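Undergrad: pasting the structure only:
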């Protein structure tokens, strides 16, 4: 995976007085960092929403076998994935899907799906998610005017994050994870 086409950004973080780099994934170690940030955020962010076995199913120190699907999946959408890096460590990532990339059924062909933003829990409330979202939106083709995403209805922190950034709650649905069914909320941002 190469980082062509996006010059990257160095963003100051006033709380910690360091500079965070926003860039595309550049190799397997970046992917390993994405998996770690995802797994830790999943476990902490969905605690009380999803059952323990679902939380524990997300790796934080992936084996080669666990890493491979992530390498393949991120390679399929290189242009839409950005990572936040501080001192060589991935702090979070954003995954936006459009064009030929696979999106969920509630996303029209001419729209973008914000598939994921996950930030390492140690970096929550430090501007990492906002920086990833803003940098990701800058990547979008000019022809795109609508971004949609799905969050667990019970995830008040995520709902508030998106609402503060201009997304509007536009629909509800249910998804299946393991043996359970969970209510989700669809949010829409018109650019």
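TA: That came through, no problem. Note that this is a predicted model, so its numbers are computed, not measured. Numbers count the residues shown, from 1 in each chain.

Undergrad: For stretch 154-167, give the mean pLDDT please.
TA: Summarised as a single mean, pLDDT over stretch 154-167 is 98.

Undergrad: Can you give me the buried ones in it?
TA: Under the neighbour-count criterion of 16 or more other CB atoms under 10 Å, stretch 154-167 has 155, 158, 159, 161, 162, 167 buried. Every C-beta, even on glycine, is put in place using the N, C-alpha and C of the backbone.

Undergrad: how about the first one, what does it touch?
TA: Read it as residue 155. Listed by CB atoms under 8 Å, 6 or more residues apart in numbering, the contact set of residue 155 reads 45, 46, 49.

Undergrad: Which of the buried residues of stretch 154-167 fall within helices?
TA: With helices taken from DSSP state H, the overlap with these comprises 158, 159, 161, 162.

Undergrad: The last one contacts residue 149, correct?
TA: In other words, residue 162. Yes. Residue 162 is within contact range of residue 149, at 6.8 Å (criterion: CB atoms under 8 Å).

Undergrad: Give the residues shared as contacts by those two.
TA: When contacts are counted by CB under 8 Å, 6+ apart, residue 162 and residue 149 have residue 187 as shared neighbours.

Undergrad: Filter the contacts of residue 155 down to the ones in helices?
TA: Counted as lying in helices by DSSP H, out of the contacts of residue 155, are residue 45.

Undergrad: if we can go back for a sec, now the ones in helices among the buried residues of stretch 154-167 in a markdown table, please, with extra columns for distance to residue 24.
TA: Output for those, formatted as a markdown table (distance: CB to CB, whole Å):
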| residue | distance to residue 24 |
| --- | --- |
| 158 | 24 |
| 159 | 28 |
| 161 | 23 |
| 162 | 23 |
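
Undergrad: Thank you kindly, that will do.
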